[in-house]
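A.B. asks: Whatever this is, show me its structure:
(one chain, ligands or ions: 2)
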Amino acid sequence: MQSITLQTPDDWHLHFRDGDMLKETVPATARCFRRAIVMPNLAPPVRTADDALAYRSRILAARPEGSEFEPLMTLYLTDRTTPEDIAQAAAAGIPAVKLYPAGATTNSDAAVTDLEGRYPVLEALQKHKMLLLIHGEVTDAHIDIFDRERVFIDEKLKPIVERFPDLRVVFEHITTKEAVEFVESTHANVAATITPQHLLLNRNDMLVGGIRPHNYCLPVLKRNIHQQALRAVVASGSPKFFLGTDSAPHVQAKKETSCGCAGCYSAWAAIELYAQVFDELGALDKLEGFASHYGPDFYGLPRNSGTITLVKEDWRIPESITLADGEPIVPFMAGQSVPWKLVTD
Ligand code: DOR
Ligand code: ZN
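C.D. replies: Residues are numbered from 1 along each chain as shown. Ligands and ions are numbered 1, 2, ... in the order given. I've put the predicted structure just below:
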């Protein structure tokens, strides 16, 4: 196949950041996605409907001329979040709330320490038909970083989905075969997003032959058997698994340092890298469901009306991108050749 046309896709999980960075991140995503679920882990976090609507305006202002890109906002669940906060978010049309266990990742120190204590808030989410988006890793110091997702499933996720069967839950950026098996076997209100890096790479790609900080993200890349489980499930065409890049920019100086930040800035090649994976799997016919159908169906939103086209043509991801203030960012897969190219007119 030399070309593929898809109903316009959406990105169901990404990080735009704020301020001047928006002039870079919003156009990079809007070039191929019509909507995106925008993560709330700013510093300070997006806690209330008012915070989210103000952030949304800043994102809209950073869209390229004529773009119809639509940010879908989320609130950051904290120990202080109340059922009233949820009612206000629902009234403001905010579709989802993000749960980070405290200390799990970038800017997560304001997050939930007492998950069970938040159950009245989860009750409110269920009542208002909002979604709960979960960063699924435990943060206990004694749990090995490669086991944190698997342990989260048994200790935290199973109790939530049993207690709130009508709550729609997205298990974000899953990385393990245990997560795949859990999502497949549990009820229909639980789905998962999968990133390009977890489909393309395993932990050898981060650690063999030298540490590669631009492949470091959280949840961290796992061993090859987990990568294979993720690849198999997207090739199966299961509607419980859909596209969420977790595109997460950090300036080069914060990635290439003695204590580097987690995150892969994949927006520059997101849909193209997914096309590469599905092509490698002989499953290009399943790409449209994953990228353009299953996400809106799960969120209860209409599918997009337009289309995008990709052609089989090699191009190279830039080595570096320069922000307006002169700071460089190294994009995910910098300098690498990608076999699928987005047609732009
Ligand atoms: O790698 C990651 N980067 N994982 C996350 O959960 C957060 C993200 C970020 O905000 O940088
Ligand atoms: Zn994320």
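A.B. asks: all strands for the chain, in order.
C.D. replies: In the chain, the strands defined using DSSP state E lie at 3-7, 11-14, 35-38, 70-76, 96-99, 131-134, 169-171, 190-194, 241-243, 307-316, 321-322, 328-329, 337-342.
A.B. asks: quick one: which of these is nearest residue 45?
C.D. replies: Ranking the strands of the chain by proximity to residue 45 (CB to CB) places strand 70-76 first, at 3.8 Å. Bear in mind the C-beta positions are built from the backbone N, C-alpha and C, glycine included.
A.B. asks: any idea how far ligand 1 is from residue 200?
C.D. replies: Distance, residue 200 to ligand 1, using CB to the nearest ligand atom, to the nearest Å: 15 Å.
A.B. asks: quick one, what contacts that residue?
C.D. replies: The contact partners of residue 200, taken as CB atoms under 8 Å, 6 or more residues apart in numbering, are 273, 276, 277, 333.
A.B. asks: still on that earlier bit, any idea which of the strands of the chain gets closest to residue 44?
C.D. replies: Nearest to residue 44 among the strands of the chain is strand 70-76; the distance by CB to CB comes to 9.0 Å.
A.B. asks: Any residue of that closest one touching ligand 1?
C.D. replies: No - Strand 70-76 does not reach ligand 1 (CB under 6 Å from any ligand atom); its nearest approach is 11.4 Å.
A.B. asks: For that strand, which helices and strands make contact with it?
C.D. replies: strand 35-38, helix 49-61, helix 83-91, strand 96-99 (3 or more CB pairs under 8 Å, 6 or more residues apart in numbering; DSSP states H and E).
A.B. asks: Including mean neighbour count and mean pLDDT, could the ones you listed go into CSV?
C.D. replies: Output for the helices and strands packed on strand 70-76, formatted as CSV (neighbours: other CB atoms under 10 Å; pLDDT from 0 to 100):
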stretch, mean neighbour count, mean pLDDT
strand 35-38, 25, 98
helix 49-61, 16, 98
helix 83-91, 17, 98
strand 96-99, 24, 97
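A.B. asks: Tabulate those in a markdown table, adding columns for distance to residue 297.
C.D. replies: A markdown table is the format used below for the helices and strands packed on strand 70-76 (distance: least, CB to CB, whole Å):
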| stretch | distance to residue 297 |
| --- | --- |
| strand 35-38 | 13 |
| helix 49-61 | 23 |
| helix 83-91 | 20 |
| strand 96-99 | 15 |
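A.B. asks: What's the separation between residue 10 and residue 19?
C.D. replies: As for residue 10, its distance to residue 19 is 24 Å (criterion: CB to CB, to the nearest Å).
A.B. asks: correction: residue 329
C.D. replies: 14 Å.
A.B. asks: Residue 236 now?
C.D. replies: Applying CB to CB, the value for residue 236 to residue 19 is 41 Å.
A.B. asks: likewise residue 293?
C.D. replies: Distance of residue 293 to residue 19, computed by CB to CB: 34 Å.
A.B. asks: the more surrounded of these two?
C.D. replies: Neighbour totals were compared for residue 293 and residue 19, and residue 293 leads with 18 against 11 (other CB atoms under 10 Å).
A.B. asks: Stretch 175-186 near ligand 1 at all?
C.D. replies: No - judged by CB under 6 Å from any ligand atom, stretch 175-186 stays clear of ligand 1, getting no closer than 10.6 Å.
A.B. asks: Outside of that stretch itself, list whatever touches it.
C.D. replies: Contacts of stretch 175-186 (CB under 8 Å, 6+ apart): 136, 149-150, 153, 157-158, 161, 171, 174, 190-192, 198, 219-222, 225-226, 228-230, 232-233, 238, 240-241.
A.B. asks: same thing but at 6 Å, please
C.D. replies: For stretch 175-186, contacts defined as CB atoms under 6 Å, 6 or more residues apart in numbering pick out 149-150, 153, 161, 171, 190, 192, 198, 219, 222, 226, 229, 233, 240.
A.B. asks: What residues does the stretch 151-300 of the chain have near ligand 1?
C.D. replies: Residues of the stretch 151-300 of the chain lying close to ligand 1 by CB under 6 Å from any ligand atom are 217, 218, 246, 248, 262, 263.
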